[in-house]
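Chemist: only geometry, no sequence info:
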């Protein structure tokens, strides 16, 4: 809300509260960096139920659980291997979409040629509690959905629009990039995202989006990006509602950080001022960030 001062009768000042919210202009600063091993090339981070989950593409796709203690991460000993009967299924995990009692989805983005013109993108519905309990996809893989509506890869994240929750995803690459909203109820019924009724809304966005992060109290979607293909950090904060209504990204601020490696993921850790960013580097791959609004 914005406070506005007016002069009333006799020049007496009074204050009123406007009915609109001032668009935020967030900024990002790097606080500290550390190395977390046994992730392979880390592909993303999620903060769920008070725990930090880092996922990567080690010898198989995997997820590891960490306690956040101050500015340090402590491995809890819990690891999920994204396999069925020992076979690598989600070999390149890109995004974990989880919210409340809604279905849980994990993305998988596979580049089929070196030029990056051919991709296989898959969204898997999983039993999240079962995954954490048993440590594999065995008995916990509910549905496999080919994301054939994508252009380059998939990276699911829950967002809210007009009071309803949708699964957002985005493309990687430098041409025709989009953020798309899928109906989670439809994703539980279909085998591909091009099926009627799955795609609800979309808007065009900038290139090299590695992951998405929703900030519900701000109505802001963070595009976790590279400045060039596979290199350098960029955080783009977009007004989701305005972007969907306009059909193209409405940027509140875009922040470049002078780091040369491949930014892969980001999550806030309980408050919209402290977060964790991850890269695919083997060393110095986990970073504490501060975000000011």
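Modeler: Great, that's in hand. Model, not experiment: these values are computed from the prediction.
Chemist: Let me see the ranges of the helices in the stretch 101-250 of the chain.
Modeler: With helices called from DSSP state H, counting those that start in this stretch, the stretch 101-250 of the chain shows them at 128-134, 184-187, 240-246.
Chemist: Quick check: which of the ones you listed is nearest to residue 168?
Modeler: Nearest to residue 168, of all these, is helix 240-246, at 8.2 Å by C-beta to C-beta. Where C-beta positions appear, they are placed from N, C-alpha and C, glycine not excepted.
Chemist: Give me the buried positions along the closest one.
Modeler: For helix 240-246, a neighbour-count test (16 or more other C-beta atoms under 10 Å) marks 240, 242, 243, 244 as buried.
Chemist: Show me how far that helix is from its chain's centre.
Modeler: Helix 240-246 sits 18 Å away from the centroid of its parent chain (C-alpha atoms, centre = their mean, to the nearest Å).
Chemist: what helices or strands is it leaning on?
Modeler: strand 157-161, strand 199-204, strand 220-228 (3 or more C-beta pairs under 8 Å, 6 or more residues apart in numbering; DSSP states H and E).
Chemist: Contacts for the second one, please.
Modeler: By C-beta atoms under 8 Å, 6 or more residues apart in numbering, the residues outside strand 199-204 that reach it are 149, 161, 166, 176-183, 193, 243-244, 246-249.
Chemist: and the angle from it to strand 157-161?
Modeler: 100 degrees (axes from the mean of the first three to the mean of the last three C-alpha atoms, to 10 degrees).
Chemist: And the longest one, by the same measure?
Modeler: Our comparison of strand 220-228 with strand 157-161, counting by the same axes, to 10 degrees, yields an angle of 130 degrees.
Chemist: Could you name the helices and strands sitting against strand 220-228?
Modeler: Counting by 3+ C-beta pairs under 8 Å, 6+ apart, strand 220-228 packs on strand 209-215, strand 231-239, helix 240-246, strand 263-268.
Chemist: I'd like to know which of those is closest to residue 82.
Modeler: Judging the helices and strands packed on strand 220-228 by C-beta to C-beta, what sits closest to residue 82 is strand 263-268, at 15.8 Å.
Chemist: Quick check, central residue of this protein?
Modeler: Centroid-nearest residue in the chain: residue 212, 2.7 Å away (criterion: C-alpha atoms, centre = their mean).
Chemist: Just the pLDDT for that residue.
Modeler: On pLDDT, residue 212 comes in at 98.
Chemist: Quick check: it touching residue 235?
Modeler: No. Assessed by C-beta atoms under 8 Å, residue 212 is found out of contact with residue 235, at 11.4 Å.
Chemist: Would you enumerate the residues in contact with the nearest residue to residue 224 once chain neighbours are set aside?
Modeler: In space, and not counting its chain neighbours, residue 224 is closest to residue 211: 4.3 Å by C-beta to C-beta, 6 or more residues apart in numbering. When the contact criterion is C-beta under 8 Å, 6+ apart, the partners of residue 211 are 43, 44, 94, 95, 155, 157, 224, 264, 265, 266.
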